[in-house]
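coords please:
(2 chains)
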Amino acid sequence: MKKVVKLKSPINATRQFFATAGMLILSLLFVNGLLAQTETAPAATADTTAKPVAPAAEAPELISPSLKFTGVQKGDNTIDFRATLKAKVKGGFIKLPFLKVKFIAVNGTDETELGFAITNGEGKALFNFKPDTLKPDTEGKFHFKAVFAGNKALEAAEEEVSFKRARLEIIPVKEDSILTVKLRLIDVGTGTEVPVKEVTLGVYIKRSFNPLKLGEAATDESGEMSVEIPNNLPGDAKGNITLSGRLDENEIYGNLEASVVQQWGTPVSDKITELPRELWSPHPPLWMLVTFIILMGTVWGHYVVIVVQLFRLRKEEPHGTVTA
Amino acid sequence: MELTTYQQEALDRQKSTIEKFGNKTWLWTIFFLIWIMIGGYALYLQISKGHIVTGMRDNVVWGLFIVNFIFFIGISYAGAIIAGLLHLFKVPWGKPIIRLAQLMTIISVVVGPIFILLCVGRFDRLYFLFIHPRLQSPLTWDVLAILTYFVGSVLFLYMALIRDFAVYRDAKLDIPGWKQKLYKILAIGYRGAASQKRHLLISQNLLAMIMIPLSIIVSSILSWIFGMTLRPGWHSTIFGPYFVLGALYSGCGVLIVAMWVYRKMYKLETYFTDKHFKNLGYAMLVLAAGYGYFTFSEYFTDWFGSAKWDSEVIHKLFSVHDYGWWSLFTNLFGILIPIMIVAIPATRKTNLITIAAFVMVIALWVKRYLIIIPTLETPALPMQDTRMEYVKYSATWPEWALTIAGIATFFLFFTLMSKFVTVVPVSGLEDTNQHHASQTETASAINEQVQPA
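Residues are numbered from 1 along each chain as shown, chains lettered A, B, ... in the order given. Below you'll find the predicted structure:
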């Protein structure tokens, strides 16, 4: 005999449907909950041996930021102060933007505020300063301090740097077809100019991102060193290249930098030429655009005509034969 | 509106399907909803835990979801092309099946793109496709094309339904007030006047003319997502027509199965006759032969060319240790057996044609799997991560659950739509037997006139 499943009415069937659906959802949630509990169970067991946790602190714990501070003596007799603020949160460092960092000159117990800078999106603050009015200490050294005053979430932080006043000169030399960059390092901390010997200096060229090192050498008795550079380095549209000399993290003089622009490079046009067909081409080819517009216009045009016809149909009164 | 006797009979025979929801329908609806809810839970897991719950990894970035997307979208294109052709060429026997073809079109184009949404990792960035479209990307073409096609399909179905809505409105059916009102609104004042008929027919013809090329273009665009990629097994000039043919072929199979189901369920033997099965069977035969030709051509050129990575894919497709058995299944049940069943008169029976169509549809789903997965498992650059799950794709239960949920949604929409409109259109329906008889009479009369005394 054929077995027929009968429900009393659609209302009953609806009830049964919602009851079944509800049960199913509850079961799924229950299973999911169980799975979640199983995953966290070992951690919960481990916690039983832990010391009782103190009641919630009244004030939130402040984050201790890290402040990195460097001073770079530039070839134009100025000093660049560079400060970076970041903080360790959940095991990883995050950059701290939009925070004020003050720069202070220290001489014995005297402190002179030179100015401040706001950190950018990378958490970096840059401040340029001309130290003509500052007096060095008896050793001919300058002492500077970067200070972050702290806020509701972050603790205050400060960092100091000291370096002796020096000057780095960059001299481009072209003899026949040989290009040489000569660097001269002079100590000016004591008022008289003294060449600095046996210090390694590097020669760099400015590139799109970081500078590219072309060579390095130690200074001689006259505080000079030189590096021969290639004559086919890509430059800008006019062939200009920016060459720089650097002394990095020296114990006495800190960081020094000097740069010069020379027309020694191979001209490379910075004008964006029409790219061939690439995935990153900014525009589709013209023919594609035209085809697309024609195709879409044709189809959507038809749709519009049809919808208009439908509206006309609605307004029409029946005349003549009325059949399906 | 007045109906002919034949139309009135069609309405009387089917009106109970839209008047009552029925216990069986409730049970089916609940059954489908349960599967959809299980799919919902799988989706919840996928969103909360990420795509790591799927089998997709660095190399195989398209899995079951894209297979389903292509499968459903293909069915939809087939529905539009079949319905468009039957309408335009005024095929008398085709009228009862146009509605099914149109329902197939619209339901598939709703279900298919859902799988794209399941495949993308960042739902929240989906609108970037519209605010930062790159016209030079085949993906953008596909989004715009499917959107355009969807609008066309809705219009196409709606226009075909207007006359029936008017019939339902005037038929004094035993239905709730809201449904009566809805029919009235949707009938947009159609009374069957000659001018109204003319306007409607012009619009329908216009749209049918647009829908056929549109379906072919949109189907080709879908294939170009693969064909324009420099990957082994995909980078092929025949992918456009191959996809169009594959879509038509699988859609034809789904239509046969749908006809068989509704014929049994609603006792529509008068309208879905053996002739319909035979005619669609012939169409299936021609399409199977075409599809077989394309498949052979595709494999043969790749094999003969012996390019390194193409050979690798071909080797995987025909190796019993890889996808050999699946390839055999798709070619045997997807091409050869349907041809044989329709070609041999003894097996050219309604039930056998339906079984062949059903198995063929499954085989063509597997074929889509074979188009996508082996190629992605054969990258031109060495794999960085050589863990087995990265090298070999294996679908996980959330992917299967969502696949079944998609199929359940397809069936659910079909079930609900068949409770809202009659599966066989009432208006415009003609008695094809009578039509045939009158044609025969006319032919005889002409013959008598031209014969010498």
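
In terms of secondary structure, what does the helix or strand hosting residue B:183 contact?
Per DSSP states H and E: residue B:183 is located in helix B:177-186. The elements that helix B:177-186 packs onto, with contact taken as 3 or more CB pairs under 8 Å, 6 or more residues apart in numbering or on different chains; DSSP states H and E, are helix B:138-170. C-beta: built from backbone N, CA, C; applies to glycine.

Dead centre of the chain: give me the residue that sits there.
Just so you know, I chose chain A. Against the mean C-alpha coordinate of chain A, by CA atoms, centre = their mean, the closest residue is residue A:122 at 5.0 Å.

not what I meant, chain B
When CA atoms, centre = their mean is applied to chain B, the residue found nearest the centroid is residue B:75 (1.8 Å).

what's the next secondary structure element after the helix or strand hosting that residue?
Secondary structure here is read from DSSP H and E; on that basis residue B:75 sits in helix B:64-88. Following the chain from helix B:64-88 toward its C-terminal end, the next helix or strand by DSSP H and E is helix B:95-119.

ok, the closest residue to chain A within the stretch 351-453 of chain B - how many residues close by?
Taking CB to the nearest CB as the measure, the stretch 351-453 of chain B has residue B:427 as its residue closest to chain A, at 3.8 Å. Under the neighbour criterion other CB atoms under 10 Å in any protein chain shown, residue B:427 is assigned a count of 26.

Equivalent analysis for residue A:159, please.
By other CB under 10 Å, 17 other residues sit near residue A:159.

Equivalent analysis for residue B:402, please.
Around residue B:402 sit 27 other residues, with neighbours defined as other CB under 10 Å.

ok so, going back, pull out the buried residues from the helix holding residue B:75.
Using 16 or more other CB atoms under 10 Å in any protein chain shown as the burial criterion, the residues of helix B:64-88 that qualify are B:64-87.

Can you name the element that comes right after the least confident helix or strand in chain A by mean pLDDT?
Per-element confidence for chain A was summarised using mean pLDDT, DSSP states H and E. The lowest value among helices and strands belongs to helix A:10-47, with a mean of 52. Taking DSSP H and E as the definition, the helix or strand that follows helix A:10-47 towards the C-terminus is strand A:65-74.

which outside residues touch the helix or strand just after that following strand?
The element immediately downstream of strand A:65-74 (helix or strand, assigned by DSSP H and E) is strand A:79-89. The contact list for strand A:79-89 (CB atoms under 8 Å, 6 or more residues apart in numbering or on different chains) reads A:63-74, A:93-96, A:99, A:101, A:103, A:114, A:117, A:119, A:122-131, A:142, A:144, A:146, A:148, A:154, A:157, A:159, A:257.

Now the buried members of those residues.
When burial is judged by neighbour count using 16+ other CB under 10 Å, the buried members of those are A:65, A:67, A:69-74, A:96, A:99, A:101, A:103, A:114, A:117, A:119, A:123-125, A:127, A:129, A:131, A:142, A:144, A:146, A:148, A:154, A:157, A:159, A:257.

The helix or strand harbouring residue B:251 near chain A at all?
With the criterion set as DSSP H and E, the secondary-structure element containing residue B:251 is helix B:239-265. No: using CB under 8 Å from any CB of the partner chain, no contact is recorded between helix B:239-265 and chain A, whose separation bottoms out at 14.7 Å.

Enumerate the positions of that helix that are buried.
Of the residues in helix B:239-265, those scored as buried under the neighbour-count criterion (16+ other CB under 10 Å) are B:239-240, B:242-263.

Show me what that helix is packed against.
So helix B:239-265, by 3+ CB pairs under 8 Å, 6+ apart, packs with helix B:64-88, helix B:95-119, helix B:194-227, helix B:274-305, helix B:350-376.

tell me the most buried of the ones you listed?
The highest mean neighbour count among the helices and strands packed on helix B:239-265 belongs to helix B:64-88 (a mean of 26), with neighbours defined as mean count of other CB atoms under 10 Å in any protein chain shown.

Run through the neighbouring helices and strands of that one.
Counting by 3+ CB pairs under 8 Å, 6+ apart, the packing neighbours recorded for helix B:64-88 are helix B:95-119, helix B:138-170, helix B:194-227, helix B:239-265, helix B:350-376, helix B:397-417.
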